[in-house]
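Asks: sequence isn't available, so here's the structure alone:
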């Protein structure tokens, strides 16, 4: 092989190597961009899920408060009804005693 042929072959290899390095660089950039995009999508998804969780937690807390308020209101009403029933029983017993005495 002659020196000019070797030199020409080396130049071709150098061009191919340069093109390959350029392609590798593009692939690396693509991977880096996709990873960054994927990370930002993942971060956004985590933020959304965190916001949904916080919202659900707040709603559940409000529901718990509402249920406790209702429970207290019902308890007060039941106590009131219970007192009325007791008073009615006492009144009926008194009435019954009065009727027996006559």
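Replies: Right, received. Where do you want to start? All values derive from a computational prediction rather than experimental measurement.

Asks: tell me the centre residue of the protein?
Replies: The residue lying closest to the centre of the chain (Cα atoms, centre = their mean) is residue 53, at 2.8 Å.

Asks: so which strand or helix has it?
Replies: Element membership for residue 53, per DSSP states H and E: helix 3-101.

Asks: returning to that earlier point: any idea how far the residue nearest to the centre of the chain is from residue 68?
Replies: Computed as Cβ to Cβ, to the nearest Å, the residue 53 to residue 68 distance reads 22 Å. Using the backbone N, CA and C atoms, a C-beta is placed for each residue, glycine as well.

Asks: list the buried residues for stretch 56-67?
Replies: Residues of stretch 56-67 classed as buried by neighbour count (16 or more other Cβ atoms under 10 Å): none.

Asks: now it: how far from the chain's centre is it?
Replies: 15 Å (Cα atoms, centre = their mean, to the nearest Å).

Asks: so where's this structure uncertain?
Replies: 1 (pLDDT under 70).

Asks: at 80 instead, please
Replies: 1-3, 35-39, 41-42, 102 (pLDDT under 80).

Asks: and the gap between residue 54 and residue 47?
Replies: 10 Å.

Asks: and if you look at residue 91?
Replies: 65 Å.

Asks: ok, now residue 95?
Replies: Counting by Cβ to Cβ - residue 95 and residue 47 are separated by 71 Å.

Asks: same question, residue 69
Replies: 33 Å.

Asks: what do you get for residue 76?
Replies: 44 Å.

Asks: with residue 10 instead?
Replies: 54 Å.

Asks: now do residue 11
Replies: Residue 11 is 53 Å from residue 47, by Cβ to Cβ.

Asks: just residue 25 next, same as before
Replies: 32 Å.

Asks: how about residue 30?
Replies: Distance from residue 30 to residue 47, by Cβ to Cβ: 26 Å.

Asks: residue 21 too?
Replies: Following Cβ to Cβ, the distance that separates residue 21 from residue 47 is 38 Å.

Asks: count the neighbours of residue 5 for me.
Replies: Other residues within reach of residue 5, judged by other Cβ atoms under 10 Å, total 9.

Asks: what of the one 10 residues further on?
Replies: By the other Cβ under 10 Å criterion, the neighbourhood of residue 15 contains 10 residues.
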